[in-house]
Structures are given as C-alpha cells and as structure tokens.
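Student: after the sequence you'll find the predicted model.
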Amino acid sequence: MTAVLRLISRIALTLALLFALVAVGFAHRVPQPDDAAKLAFLMAGGTLADVCQDGGDDGMAGGDCPACHLPAVVMIPALDMPVLVAELAFVAKVVAPRENRAARVVRDPGHGLRAPPLV
C-alpha cells in the first residue's frame, strides 16, 4: 500500500511541477491598464502599425525579463528563406567541400588507401 501511495505522490509532484513550468510563461506579466484600450482600438479597425513604428509588440515590457526568455526557448523562429534554398546553401557550404576533398584523396596516387593491409 505504501508503494502505491509513493507512486501517486511522485506522479502528483511531477504534474504540479509541469503545471508550474507551463504557467510561468503566462503568469509573470501583470495586465496593463492600456491593454483594454489597445484591444478596443484593434477591434475598431485600427492596427498596431498605426500606433507603433515597428508595427508590433513582442509582449516583453522590460525586454530582459527572465520569465520572458523561458517561453522564447521553445518558440520556433520565423523562416527567412524557403526550405529548399536553405538546404541548397547547406549542401554548397558543408557537404560539397567534404565530398570534393574525399574524392581528391582517393584519386591521388601519392596517398595510399586508408585501410588495413591485405594479408
């Protein structure tokens, strides 16, 4: 019976810690009084580009809030270039030079094969 209680308490502690880590990204910022005004402005047809120069708000009031950096770790950054272009750039910079170097070593008669000698 004590083993079952121990297992249940471990599961409950794990779930409580999971909930705390998920909630820290949402609970650290106190709603500002101008949030209601901003929402009313947006619902009336306005955009943040009308108010802000950069066209948006990243949600971080101070910019260096440690709790804001926790959810930012799991957010996927925006892709600036198409996947095919990124893949071709990777092949051109990383894969192709390695294959070229490997082919040069095999074709050069001055270098022996990199294998154990035949017996």
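Tutor: Received, thanks. Numbering: from 1, shown residues only.
Student: mind checking the longest helix of the chain?
Tutor: In terms of residue count, the longest helix belonging to the chain (DSSP state H) is helix 2-27.
Student: which element follows that one toward the C-terminus?
Tutor: Toward the C-terminus, helix 2-27 is succeeded by helix 34-43 as the next helix or strand (DSSP states H and E).
Student: so which bits of that next one are buried?
Tutor: Within helix 34-43, no residue counts as buried by 16 or more other Cβ atoms under 10 Å. All C-beta spots, glycine's among them, are computed from the backbone N, C-alpha and C.
Student: can you count the residues close to Leu5?
Tutor: When neighbours are counted by other Cβ atoms under 10 Å, Leu5 registers 9.
Student: what domains does the record give for the chain?
Tutor: The domain map for the chain lists 2-75, 78-107, with the assignment taken from automatic domain parsing.
Student: pLDDT on the first one, on average?
Tutor: Domain 2-75 shows an average pLDDT of 72 in the prediction.
Student: what residues sit buried inside the longest helix of the chain?
Tutor: Along helix 2-27, the positions that meet the burial threshold by neighbour count (16+ other Cβ under 10 Å) are Gly25.
Student: which neighbouring elements make contact with it?
Tutor: Secondary-structure packing of helix 2-27 (3 or more Cβ pairs under 8 Å, 6 or more residues apart in numbering; DSSP states H and E): helix 66-74.
Student: helix or strand next in line after the helix it packs on, which one?
Tutor: Going C-terminal from helix 66-74, and assigning secondary structure by DSSP H and E, you next hit helix 83-90.
Student: report the separation between Leu7 and Leu17.
Tutor: Relative to Leu17, Leu7 is positioned 16 Å away (criterion: Cβ to Cβ, to the nearest Å).
Student: cool, Pro97 as well?
Tutor: Taking Cβ to Cβ as the criterion, Pro97 is separated from Leu17 by 46 Å.
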